[in-house]
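Visitor: Predicted model follows, preceded by the sequence.
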Amino acid sequence: MIRIATWNVNSVRSRIGQLTSWLRAGKPDIVLLQELKCVADGFPRLEIEDLGYNLVLVGQKTYNGVAILSRFPMTVEAESLAGGDGSDVQARYVEAVIEPGPRVVRAVSVYVPNGNPAPGEKFAYKLAWLDRLRERARALLAYEEPLVIGGDYNVCPTDDDVYDPLGWKDDALCRPESRAHFRGLINLGLLDAFRALHPEPHRYSYWDYQSGRWQKDEGLRIDHLLLSPQAADRLAAADIDKTPRGLDKPSDHTPVWCDLEI
DNA sequence: ATGGTCGGTCCCCGA
């Protein structure tokens, strides 16, 4: 059994204490991180490696930044999405092949653009980025291997995944175009691991820092683990770990995880 | 209630 988790840490340097405590407590095998907000040289590499994790990351000053942590041997396969117009310098994609044993697992950490304000240039960039992610996912699915594409999708898939659908209907996280692009990924044959095992509405992975959203449990489910059929066949459990969001100085996101029988 | 709160960087921006 291997456990795979995704967590938008909102600055890995300000969250390193919480991250290492959480790694020690849950011992996830593969961890997908987003919003590192630092370049590779600034990443607290030793703290992670001392816990027995291999590390690949794509960093950027101040913004974005994605990483994969693995307790098994890992080889980086891609550090950006193909098909950009050459101006795609944002650190939002990293892909690796991991070998937990005789089988391989391919893991991808994504930080999808937020896209606000919508409509506008940023929203167009988000939708184009999701188009390119879909093309990459299509190519990866052709390998017919266990594959997990996880991260902060900045898409709230349905009205069941947000505390106030009417209030959020024009936001880039909830707009119909964003939801259609997310369904485009699902329609390739990817499974939303949490939703597959949890039909109940109003389970969230993100709560805004403002206005006491966490205390009122007014959040959104925008962090997802999408599984290829070969991974979905082996899905044993999935959940949202709300504990880190309740700590002092938390990220505004909390981890989402799943267990695969591999 | 046109507010509110973070993190990083620098005198505001992105979320």
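Guide: Nice, I can see it.
Visitor: which residues touch the closest residue to DNA strand B within chain A?
Guide: Closest approach between chain A and DNA strand B, counting by C-beta to the nearest atom of the strand: residue A:11, at 2.9 Å. The C-beta positions use only the backbone N, C-alpha and C, and glycine is treated the same way. Listed by C-beta atoms under 8 Å, 6 or more residues apart in numbering, the contact set of residue A:11 reads A:35, A:36, A:37, A:38, A:251.
Visitor: residues near the first one, how many?
Guide: Just to be clear, that refers to residue A:35. By other C-beta atoms under 10 Å, 24 other residues sit near residue A:35.
Visitor: likewise the second one?
Guide: Applying other C-beta under 10 Å, we find 28 other residues in the vicinity of residue A:36.
Visitor: okay but it is in contact with residue A:15, surely?
Guide: No: in this structure, residue A:36 is not within contact of residue A:15 by C-beta atoms under 8 Å, at 9.5 Å.
Visitor: Which neighbours do these two have in common?
Guide: residue A:9.
Visitor: what residue is smack in the middle of chain A?
Guide: For chain A, the residue sitting closest to the mean C-alpha position, by C-alpha atoms, centre = their mean, is residue A:151 at 0.7 Å.
Visitor: Which pLDDT value goes with that residue?
Guide: With respect to pLDDT, residue A:151 scores 98.
Visitor: give the contact list for it.
Guide: By C-beta under 8 Å, 6+ apart, the residues touching residue A:151 are A:6, A:8, A:32, A:34, A:66, A:108, A:109, A:110, A:111, A:112, A:223, A:224.
Visitor: Check for me that it belongs to a strand.
Guide: Yes: with DSSP: H, G, I helix; E, B strand; the rest coil as the criterion, residue A:151 is located in a strand.
Visitor: Quick one: name the residues of the stretch 151-262 of chain A near DNA strand B.
Guide: When proximity is defined by C-beta under 7 Å from any atom of the strand, the stretch 151-262 of chain A lies next to DNA strand B at A:209, A:210, A:211, A:249.
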